[in-house]
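Novice: My questions concern the predicted model and sequence given below.
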Amino acid sequence: KAGVTQTPRYLIKTRGQQVTLSCSPISGHRSVSWYQQTPGQGLQFLFEYFSETQRNKGNFPGRFSGRQFSNSRSEMNVSTLELGDSALYLCASSFQGATYNEQFFGPGTRLTVL
Amino acid sequence: GEDVEQSLFLSVREGDSSVINCTYTDSSSTYLYWYKQEPGAGLQLLTYIFSNMDMKQDQRLTVLLNKKDKHLSLRIADTQTGDSAIYFCAETFYNTDKLIFGTGTRLQVFP
């Protein structure tokens, strides 16, 4: 079974631009979550999607948005990029069954804002 | 509130045991996890413990949970150089996949 895939793996943008990151979950998984990892702030939760609905949102400005499609693939968008948005963006997927849900992480997209 | 703390660094000799500690503040967590991150890689789930358990053993890994003190620890027996990585504890809550991560502990194993 293929793991969680994220595209692109690396991205360089300039301030003011916007960016879209993609995450394909493991086949059959219905939940996708996104995290931002920076040296200063560590790993911070961005959003959680389940069956195309945003179930939870972290404490990030409105420039950060996301969505989930009917095939469970998810995208996140960051508009008006700032230098501080440079980070590793990780997505994770899980089946979301009745009890324990193991989350599987992708390799991440490393975004550099110049 | 949601706050998970870990010590920043741990250095151990190969073959010794490593103990990585974590404290959290939200007592409503359902599961607590330990993840490993190697350079340039994503997060690998090592083990987890349900919040009503005290201990869980999984091969070289032992997780201890003191719910009263909100303290979680991960013991790695017979630590190897391949265990060198950053270790994150994390908690989650009922009916969500949202993970609150600790600050991470960098484990360095020397021969």
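Specialist: Cool, the structure landed. Residues are numbered from 1 along each chain as shown, chains lettered A, B, ... in the order given.

Novice: And residue A:102, what's its pLDDT?
Specialist: Listed pLDDT for residue A:102 reads 82.

Novice: Residue A:113 too?
Specialist: pLDDT, read off for residue A:113, is 98.

Novice: who in chain A is up against chain B?
Specialist: Taking C-beta under 8 Å from any C-beta of the partner chain as the measure of proximity, chain A contacts chain B at A:4, A:31, A:33, A:35, A:42-45, A:48, A:50, A:55-56, A:58, A:90, A:92, A:94, A:96, A:100-108. Just so you know, the C-beta spots here come from the backbone N, C-alpha and C atoms, and that holds for glycine as well.

Novice: can you tell me which of the residues you listed are in strands?
Specialist: A:31, A:33, A:35, A:42-45, A:48, A:50, A:55-56, A:90, A:92, A:94, A:104-105 (DSSP state E).

Novice: Make a PyMOL selection of the buried ones in those residues.
Specialist: Here is the PyMOL command that selects the buried residues among those (16 or more other C-beta atoms under 10 Å in any protein chain shown):
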select buried, chain A and resi 31+33+35+42+43+44+45+48+50+55+56+90+92+94+104+105
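
Novice: now for the ones in strands among the residues of chain A next to chain B, which pair is the farthest apart?
Specialist: A:42 and A:50 (24.5 Å; C-beta to C-beta).

Novice: What sits closest to the spatially most central residue of chain A if chain neighbours are left out?
Specialist: Chain A has residue A:34 as the residue nearest its centroid, 3.2 Å off, counting by C-alpha atoms, centre = their mean. Spatial nearest neighbour of residue A:34, excluding adjacent residues (C-beta to C-beta, 6 or more residues apart in numbering or on different chains): residue A:46 at 4.1 Å.

Novice: From the structure, what's the count of residues near that neighbour?
Specialist: The tally of other residues near residue A:46 (other C-beta atoms under 10 Å in any protein chain shown) stands at 22.

Novice: Go through stretch B:34-41 and flag the buried ones.
Specialist: B:34, B:35, B:36, B:37.

Novice: How far away from the center of its chain is that stretch?
Specialist: Centre-to-centre, stretch B:34-41 and its host chain are 12 Å apart (C-alpha atoms, centre = their mean, to the nearest Å).

Novice: Model confidence for residue 79, exactly?
Specialist: You didn't pick a chain, so chain A it is. So residue A:79 comes in at 96 (pLDDT).

Novice: wait, I meant chain B there
Specialist: Value for residue B:79, per-residue pLDDT: 98.

Novice: what does residue A:97 give?
Specialist: pLDDT, residue A:97: 59.

Novice: Strand partners (parallel or antiparallel) of the host helix or strand of residue A:75?
Specialist: Applying DSSP states H and E as the criterion places residue A:75 in strand A:74-78. Sheet partners assigned to strand A:74-78 using DSSP bridges are listed as strand A:19-24 (antiparallel), strand A:64-68 (antiparallel).
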